[in-house]
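Only the shape, not the letters, is given here:
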């Protein structure tokens, strides 16, 4: 049996790990436990600084050295104090990979496996925009999301400005979308295999967890 703690940014990611990723990995005898980030004493959810992330992740790694620790944090909106945040003119995936390497080096725990979502959790929902119809019954909105998806090579390439990040695109088309409520349920309908097929960086993370078994 392999145990993996997943340090998550918010309640949406917590539910996604518990209800979608967890059952997927249980078949491989890998047990995932989401750990919600603490922003201050008594308050959880959100990434406000790298220092808080490092302290919490390091503590998790050292608390249970027989388990693994990974992260599920959005690259979009990431605090700029993360190590090696400022980079040259490279692609988004190269920036994220570089940041992940910097995280691994800075935290420097043998049981740590960093992952940053490109560009945020909602990118995964663009793998099958038709699933939004089951919840909102709005063919026009689904068509808008399908058009956005078709404009990019894969859902992870949908960019990260305050107007065009994946979640902003969804909210523009479907104002009733609630991240914590609808996000994990739609992700469950899409399925991990479809996400792996269409999102290379996400697939690399899943493969790295599978390799721990």
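Arrived safely, thanks for sending. All values reported here derive from a predicted model rather than from experimental measurement.

what stretches of the chain score poorly on pLDDT?
Under the criterion pLDDT under 70, the flagged ranges of the chain are 41-43, 88.

residue contacts, residue 128?
189, 190, 194 (C-beta atoms under 8 Å, 6 or more residues apart in numbering). Using the backbone N, CA and C atoms, a C-beta is placed for each residue, glycine as well.

Tell me which residues touch the nearest residue to residue 83 once chain neighbours are set aside, please.
For residue 83, ignoring the flanking residues on the chain, the nearest one in space by C-beta to C-beta, 6 or more residues apart in numbering is residue 102 at 4.1 Å. If you count contacts by C-beta under 8 Å, 6+ apart, residue 102 has them with 82, 83, 84.

same thing with residue 4?
25, 30, 31, 32, 33, 67, 68, 69, 70, 209, 212.

May I ask which of those residues has the most neighbours?
Sorting these by how many neighbours each has (other C-beta atoms under 10 Å) puts residue 69 first, at 27 neighbours.

Distance from the lengthiest helix in the chain to the middle of the chain?
What stands out as the longest helix in the chain, according to DSSP state H, is helix 92-107. Relative to its parent chain, helix 92-107 has a centroid offset of 15 Å by C-alpha atoms, centre = their mean, to the nearest Å.

repeat for stretch 182-198
The answer for stretch 182-198 is 12 Å, by C-alpha atoms, centre = their mean.

Touching that stretch from outside, list them.
12, 15-16, 19-21, 24, 121-122, 124-125, 127-128, 131-132, 134-135, 154-155, 202-203, 206.

buried subset of these?
12, 15-16, 20-21, 24, 121-122, 124-125, 127-128, 131-132, 135, 154-155, 202-203, 206 (16 or more other C-beta atoms under 10 Å).

What about these, which are in strands?
Judged by DSSP state E, strands contain none of those.

Out of those, name the ones that lie in helices.
Per DSSP H, the subset of the buried ones among the contacts of stretch 182-198 in helices is 12, 15, 16, 24, 135, 202, 203, 206.

show me where this protein has helices.
11-16, 22-26, 50-63, 92-107, 133-136, 139-150, 166-173, 179-190, 192-198, 200-210.

Which segments of this protein make up each domain?
2-119+193-210, 121-190 (automatic domain parsing).

Tell me the spacing between residue 70 and residue 188.
20 Å (C-beta to C-beta, to the nearest Å).

Equivalent analysis for residue 64, please.
28 Å.

picking up where we left off before, and the helices of the chain, which is most packed in?
helix 11-16 (a mean of 22; mean count of other C-beta atoms under 10 Å).
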